[in-house]
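Participant: Got a predicted structure here, sequence first:
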Amino acid sequence: MSNTGATAIAIHITDHQGAVTSIDGKIGKTLMEVATAKNINGIAADCGGLMSCATCHVFVQEPFASQLGAPDAEELAMLAFTAVPRQPHSRLSCQITLSAELNGLAVTLPASQY
């Protein structure tokens, strides 16, 4: 199925206990913006996406982690301050811009953002 012309994608968010919540996210928005607008518990986003708090930490599942590319130096620096230790596919959800290619995006939330 093609996503050509799609304006939203499916996102699957698994909490630290294994419960999955599926939401739609508008292409061009960040994962953090969509998750907070949908009141997803577990993405605090205290700084509102300014990349100064690391409270929107997520673990991106494959194949999506590979599609995102590597985090830049600023994001890597913030990932050093996450409440739950960083993993190989850790990202800040404020740095994940939704695109048609990310349809079906699957992420897992850490046990805590604090």
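Facilitator: Noted; the coordinates are in hand.
Participant: any idea how far the nearest residue to His16 once chain neighbours are set aside lies from Ile9?
Facilitator: The shortest distance from His16 to any non-neighbouring residue, by C-beta to C-beta, 6 or more residues apart in numbering, is to Ala111 (4.2 Å). Backbone N, C-alpha and C define where each C-beta goes, glycine included. Remark: distance between Ala111 and Ile9 (C-beta to C-beta, to the nearest Å) = 26 Å.
Participant: which one of these two has more residues nearby?
Facilitator: Ranked by neighbour count (other C-beta atoms under 10 Å), Ala111 and Ile9 place Ile9 first, with 21 against 10.
Participant: Need the three-state assignment for the more buried one.
Facilitator: Here Ile9 is strand, with the state taken from DSSP: H, G, I helix; E, B strand; the rest coil.
Participant: host element of Gly25?
Facilitator: Using DSSP states H and E, Gly25 maps to strand 20-26.
Participant: Which elements pack onto whatever helix or strand Met78 lives in?
Facilitator: Per DSSP H and E, Met78 falls inside helix 73-79. In terms of contacts (3 or more C-beta pairs under 8 Å, 6 or more residues apart in numbering; DSSP states H and E), helix 73-79 is packed against strand 90-92.
Participant: May I have the strands that pair with the strand it packs on, each with its orientation?
Facilitator: Using DSSP bridges, the strands paired with strand 90-92 in its sheet are strand 57-60 (antiparallel).
Participant: roughly how far is the strand it pairs with from the heart of the chain?
Facilitator: 6 Å (C-alpha atoms, centre = their mean, to the nearest Å).
Participant: check contacts around the residue most central in space within the chain.
Facilitator: Centroid-nearest residue in the chain, with C-alpha atoms, centre = their mean: Ser93, separated by 3.3 Å. Contact analysis of Ser93 by C-beta atoms under 8 Å, 6 or more residues apart in numbering lists 30-32, 35, 43, 45, 56-58, 107.
Participant: Identify the residues contacting Ile40.
Facilitator: Counting by C-beta under 8 Å, 6+ apart, Ile40 has contacts 13, 21, 23.
Participant: That one: what secondary structure?
Facilitator: coil.
Participant: Now it: phi and psi?
Facilitator: phi -70, psi 120 (degrees, to the nearest 10).
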